[in-house]
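Peer 1: sequence first, predicted coordinates after that:
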Amino acid sequence: MAAKSGSLTELQKRYTSLCKAAGKAPIQRLLQTIDQDILELKGLKINDLESFTYFTALQYSVSIRSLCLECNDLGSSGAIQLAQFLRESVSLAELVSEVALSNRSFQEKGLLKIAH
């Protein structure tokens, strides 16, 4: 069940706005879980464009402890966006203790960005 626009949290509103600007509909599972501290996003087929809007919105979160992105469609661009998201969100970089990335299609360039 989708939240009504009047009952969205600030983070949900930010994500919805970013999706609209990108010409994409928000992914309901992302919209529903964006405020949680454990983000289980396994198998949602999130692609590079969708990851950009989601990671950009998540920069304003202060509670993420675990981020599961297993079995998604993130490519090298998505990996680079993830690395930038973690690097630029100093408070999140300290909070996030686990990022699960198995079954991904990153190329070496994307993996190097995450590692550094």
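Peer 2: Nice, thanks for sending it over. Quick caveat, the model's predicted, so the values are computed rather than measured. Numbering: from 1, shown residues only.
Peer 1: and the end-to-end length of stretch 57-74?
Peer 2: 17 Å (C-alpha to C-alpha, to the nearest Å).
Peer 1: taking the mean pLDDT, what do you get for it?
Peer 2: The pLDDT scores in stretch 57-74 average 80.
Peer 1: check which residues of it are buried.
Peer 2: Buried residues in stretch 57-74, counted by 16 or more other C-beta atoms under 10 Å: Ala57, Leu58, Ser61, Ile64, Leu67, Cys68, Leu69, Cys71, Asn72, Leu74. Yep, even glycine has a C-beta here, placed from its N, CA and C like the rest.
Peer 1: pick out the most distant pair among those residues.
Peer 2: Within the buried residues of stretch 57-74, Ser61 and Cys71 form the most distant pair, 22.3 Å apart (C-beta to C-beta).
Peer 1: ok, back up a step: closest to Gly43 out of the buried residues of stretch 57-74?
Peer 2: Cys71 (4.2 Å).
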